[in-house]
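> Need the 3D shape of this:
(one chain, ligands or ions: 1)
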Amino acid sequence: MTTIHVLNGPNLNLLGQREPEVYGHETLAMIESRLAATCKARGVSLAFRQSNHEGELVTWIQAAGLAREPIILNAGAYSHTSIALHDAIKGAHAHVIEVHLSNIHARESFRHVSLISPVARGVIVGFGAASYDLALEAFLSDRADLKS
Ligand code: CA2
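The predicted model follows:
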């Protein structure tokens with residue numbers, strides 16, 4: 001069975017507890033349980049993870065990429081800074097949909113550039129927690145990308 005990986009970067013463990021006006025009221029656990037229900041109904045498995053450590057995200061991206069399993073990635077602030085994550089995606093030929101809860105282009109200028117976007121298959125930003133659901137739907141509706 002195909003596994004879809006959802007990888008979350010630094011500070012996303014705080015979701016729903018602080019800055020709800022920017023990031024909404026849903027916690028990461030709530031997003032995970034909704035995505036898990038969708039995956040179960042559609043016959044794929046879900047690996048949902050969060051880390052505050054860049055190297056751990058690199059390891060997870062490499063493993064999923066080399067296994068030809070798709071990744072939904074919210075790299076948080078590392079999106080704007082991490083050549084390591086960019087190289088991991090490129091090096092492992094990972095199929096990544098980049099997601100952001102907020103519209104990074106409508107915020108501070110330091111958030112306008114993503115080092116993930118040039119190596120992502122697609123980018124979904126600004127729809128709050130629904131950004132994750134939209135990314136999942138994109139993978140599920142393009143089953144050619146999924147390993148059987
Ligand atoms: O909009 C997004 O999804 C971001 O990836 C969220 C990151 C931010 O650095 C990116 O520019 C855009 C921040 C995640 C931190 O989330 C928090 C949630 C609640 C309270 C504090 C931080």
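> number of nearby residues for Arg34?
16 (other CB atoms under 10 Å). C-beta: built from backbone N, CA, C; applies to glycine.
> Kindly report the residues of the chain close to the ligand.
11-12, 14-15, 18-19, 23, 74, 76-77, 79, 100-102, 104, 111 (CB under 6 Å from any ligand atom).
> And these, which of them are buried?
Neighbour-count burial (16 or more other CB atoms under 10 Å) is assigned, among those, to Leu12, Leu15, Tyr23, Asn74, Gly76, Ser79, His100, Leu101, Ser102, Ile104, Arg111.
> Name all residues that make contact with the most centrally placed residue in the chain.
The centroid of the chain falls nearest to Leu73 when counting by CA atoms, centre = their mean (1.9 Å). By CB atoms under 8 Å, 6 or more residues apart in numbering, the contact set of Leu73 is Val6, Leu7, Gly9, Ile61, Leu85, Ile89, Val96, Ile97, Glu98, Val99, Ile116, Ala120.
> Same check on Leu15?
Counting by CB under 8 Å, 6+ apart, Leu15 makes contact with Tyr23, Gly24, Glu26, Thr27, Leu28, Ile31, Leu101.
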